[in-house]
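Q: Output the structure for:
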Amino acid sequence: MILPAQDTDTSQLEAAPADIAEPEQPSSARKPPRSRAPAEQPSAEDASAATQRQRRGTRRQAGGGTTSAAADDNLQPPGHVVPVQPVAFRPKGSKFTADSDTLMEAVVKVFCVHTEPNFSLPWQRKRQYSSNSSGFIISGRRILTNAHCVDHHTQVKVKRRGSDKKYVASVLAVGTECDIAMLTVEDDSFWSGVEPVVFGSLPQLQDAVTVVGYPIGGDTMSVTSGVVSRIEVTSYVHGAAELLAVQIDAAINSGNSGGPAFNSSGQCIGIAFQSLKHEDAENIGYIIPEPVIAHFINDYERNGAYTGFPCLGVEWQKLENPDMRKALKMQAQHKGVLIRRVEPTAPLHTVTQQYNILMSFDGVDIANDGTVPFRSGERISFSYLVSQKYTNEQAVLRLLKDGQEVTETVTLRAPNKLIPFHIKGKPPSYFIVAGLVFTPATVPYLRSEYGKEYDFDAPVKLLDKMMHAMADAEGQQVVLLSQVLASEVNIGYEEMLNTQVGASLTTRLQKTSLC
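A: Numbers count the residues shown, from 1 in each chain. Purely as a prediction, here's the structure:
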């Protein structure tokens, strides 16, 4: 799935597609090994023995996959053990103690058959298509991959490394906002002899990272290496959410989606999910970091289903202008952001209003530019603090109202968009009467009608509602007259297309059970 980004400077940001489309470009040649000093040069016999020891050291103990040539085991002295050095997972200058074979065995290939709804003709579905992507095994007999890899799935299969058998998998949960999906396999033989990956903490800048998966260019596993370039709140293309992400310079191509990213200790620090395609940028990929993954897993374990990431439901602006702060009766010690609008369905609607100042969230002070402290010497958008909470969880806010500081406690809820960006895998709803086809406005519908450039080609009124309008009540929708099926009862209305219906008709349609 390739979706346009919603973020500044990320107009070419796209989810790493799962479909195999074109051969992978060869990676740059490795640097030749440093030659020894003349006194250190081995003899021909020593070189031959070293070559055979290296071959024995890189042999896999079991399973399939590409391996080096094997030497005769009788040439190895009795009791002598040659340590296996995991070259692919050993960044230069770092100590790596994990077994690369164990890590690779936990990475699986995901085969999915998709059948997307036809949003223009909501009673039909499009022709099915298939895709290949990556995933990895975690504890509890579960598999993690990307949500866009199993979007509108009809059938999902997984295959382990070195195996010729595909196992049918079932989808346990799909987190559209965070682009993570959880799978499981009922067949016990699939889990035999495999160890789940171990998660690590959020990496530091310039830390080595290795991405493993099944990208385009071949059928076997691929390994790419790089370093951590940036950590910040980023737009997630598939779910149109703003969550923490890690930027790396390792290549992420079609098919890498859902694959794990390991640090130098063999711990999983993220999931590959999207890359930046731009003429002025090269090798910019993004991984979903451990805090977002942990939130998804904990949410599923708490509620038995994915409930989403909460939000405050406010529009805010920076307060870096001193005259603006003075006009809002802020003192020298006061810092925060200005609340411009509050969604009527948001939890803050009952405790705050327009032109109040949000000064802190859960005891963490918010700066005038909307950032909060993040690790040593770093700052990040305060929306990161909100994303760390769970739905129906309470948060303590400190507000400035007309120059007076007040503390309020709110219960956070998932966002409620008037024109939703996704329908969470459900079929679109519609209502037909006298040949008039009514359907709610959603971003997938706009994309179906106006193409990938819907944010330029769709009617301005619909775009304005999508970007700026707020729902007044739970479940409120923007209802469109999608088309008119020609009949004797609607003669003269055949040309009506994608017309928004009035508020009174919308209310009556919402009271009617849609298909």
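Q: all contacts plus neighbour counts: C-alpha atoms, from now on.
A: Noted.
Q: Let me know whether Asn416 touches Asp472 as I believe.
A: No: assessed by Cα atoms under 8 Å, Asn416 is found out of contact with Asp472, at 9.8 Å.
Q: list residues touching both of the two?
A: Contact criterion Cα atoms under 8 Å, 6 or more residues apart in numbering; residues shared by Asn416 and Asp472: Thr345.
Q: neighbour count winner among these two?
A: The residue with more neighbours, out of Asn416 and Asp472, is Asn416; 20 against 14, by other Cα atoms under 10 Å.
Q: Provide the secondary structure category for the more buried one.
A: Three-state assignment for Asn416 (DSSP: H, G, I helix; E, B strand; the rest coil): coil.
Q: Nearest residue to the spatially most central residue of the chain in space, please, no chain neighbours.
A: The centre of the chain sits closest to Asp179, judged by Cα atoms, centre = their mean, with a distance of 3.3 Å. Closest residue to Asp179 apart from its sequence neighbours, by Cα to Cα, 6 or more residues apart in numbering: Ala147 at 4.6 Å.
Q: same check, this time on Ile380
A: In space, Ile380 is closest to Thr371, 5.1 Å off (Cα to Cα, 6+ apart).
Q: same deal with Gly336?
A: The spatially closest residue to Gly336, leaving aside those adjacent along the chain, is Met359, at 4.2 Å (Cα to Cα, 6+ apart).
Q: moving C-terminal of the host helix or strand of the one you found, what's the next helix or strand?
A: Under the criterion of DSSP states H and E, Met359 resides in strand 357-361. Moving toward the C-terminus from strand 357-361, the next helix or strand (DSSP H and E) is strand 364-365.
Q: Name every strand pairing with the helix or strand following that following strand and say which way it goes.
A: Going down the chain from strand 364-365, the next helix or strand is strand 371-373, by DSSP H and E. If you go by DSSP bridges, strand 371-373 pairs up with strand 379-381 (antiparallel).
Q: Alpha carbons only: can I get stretch 143-154 in CSV?
A: Output of stretch 143-154 as CSV, limited to C-alpha atoms (Å, rounded to 0.1, in the frame of the first residue of the first chain):
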residue,chain,number,x,y,z
ILE,A,143,3.8,-12.7,15.0
LEU,A,144,4.1,-8.9,14.4
THR,A,145,4.0,-7.3,10.9
ASN,A,146,2.7,-4.1,9.4
ALA,A,147,-1.0,-3.3,9.3
HIS,A,148,-0.8,-2.2,5.6
CYS,A,149,0.6,-5.7,4.9
VAL,A,150,-2.7,-7.4,5.9
ASP,A,151,-5.1,-4.5,5.0
HIS,A,152,-8.4,-5.9,3.8
HIS,A,153,-7.0,-9.4,4.0
THR,A,154,-8.8,-12.4,2.7
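Q: Mind listing what's buried along it?
A: With burial defined by 16 or more other Cα atoms under 10 Å, the residues of stretch 143-154 counted as buried are Ile143, Leu144, Thr145, Asn146, Ala147, His148, Cys149, Val150, Asp151, His152, His153.
Q: Mind checking which of these land in strands?
A: Using DSSP state E, the subset of the buried residues of stretch 143-154 located in strands is Ile143, Leu144, Thr145, His153.
Q: Reformat these as a markdown table; add pLDDT and distance to Thr409.
A: Converted to a markdown table, these look like this (pLDDT from 0 to 100; distance: Cα to Cα, whole Å):
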| residue | pLDDT | distance to Thr409 |
| --- | --- | --- |
| Ile143 | 97 | 37 |
| Leu144 | 97 | 35 |
| Thr145 | 97 | 36 |
| His153 | 94 | 40 |
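Q: closest to Val233 among those residues?
A: For those, the minimum distance to Val233 (Cα to Cα) is 20.7 Å, reached by Thr145.
Q: show me what contacts the closest one?
A: Thr145 makes contacts with Ser134, Gly135, Phe136, Ile180, Ala181, Met182, Leu183, Ser257, Gly258, Gly259, Ile271, as judged by Cα under 8 Å, 6+ apart.
Q: Take those and write them to TSV, including neighbour count and secondary structure.
A: Shown next, in TSV, are these (neighbours: other Cα atoms under 10 Å; DSSP: H, G, I helix; E, B strand; the rest coil):
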residue	neighbour count	secondary structure
Ser134	30	strand
Gly135	32	strand
Phe136	28	strand
Ile180	25	strand
Ala181	25	strand
Met182	26	strand
Leu183	22	strand
Ser257	34	coil
Gly258	36	coil
Gly259	29	coil
Ile271	32	strand
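Q: Out of the residues you listed, the closest to Glu408 would be?
A: Ile180 (32.8 Å).
Q: partners of the strand holding Met359 in the sheet?
A: Strand 357-361 pairs in its sheet with strand 337-342 (antiparallel), strand 364-365 (antiparallel), strand 394-401 (antiparallel), by DSSP bridges.
Q: Turn those into JSON lines, including mean pLDDT.
A: Formatted as JSON lines, these follow (pLDDT from 0 to 100):
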{"stretch": "strand 337-342", "mean pLDDT": "95"}
{"stretch": "strand 364-365", "mean pLDDT": "96"}
{"stretch": "strand 394-401", "mean pLDDT": "95"}
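Q: Just put those strands in TSV and tack on distance to Ser383.
A: Listed next are those as TSV, based on distance: least, Cα to Cα, whole Å:
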stretch	distance to Ser383
strand 337-342	12
strand 364-365	12
strand 394-401	13
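Q: Dump those strands into JSON lines; add mean neighbour count and distance to Ala208 as well.
A: Output for the strands paired with strand 357-361, formatted as JSON lines (neighbours: other Cα atoms under 10 Å; distance: least, Cα to Cα, whole Å):
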{"stretch": "strand 337-342", "mean neighbour count": "20", "distance to Ala208": "36"}
{"stretch": "strand 364-365", "mean neighbour count": "18", "distance to Ala208": "31"}
{"stretch": "strand 394-401", "mean neighbour count": "19", "distance to Ala208": "36"}
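Q: between these, which gets nearest to Ser222?
A: In terms of Cα to Cα, the element of the strands paired with strand 357-361 nearest to Ser222 is strand 364-365, at 42.1 Å.
Q: residue contacts, the residue nearest to the centre of the chain?
A: By Cα under 8 Å, 6+ apart, Asp179 lies in contact with Asn146, Ala147, His148, Tyr236, His238, Gly239, Phe273.
Q: Which of these fall within helices?
A: Among the contacts of Asp179, no member falls in helices (criterion: DSSP state H).
Q: Report the lowest-confidence entry in those.
A: Among those, Gly239 has the lowest pLDDT, at 84.
Q: Find the nearest non-adjacent residue to that one, please.
A: Counting by Cα to Cα, 6+ apart, Gly239 lies nearest to Glu177, which is 4.0 Å off, once chain neighbours are set aside.
Q: tell me the SS of the one you found?
A: Going by three-state DSSP: Glu177 is coil.
Q: and Glu405, what does it touch?
A: For Glu405, the contact set (Cα under 8 Å, 6+ apart) comprises Arg398, Leu399.
Q: ok, what's across the strand from it?
A: Beta bridges link Glu405 to Leu400, judged by DSSP bridges.
Q: Ok, Val107 next?
A: Under DSSP bridges, the beta-bridge partners of Val107 are Phe136.
Q: Having no further points to raise, I will conclude here.
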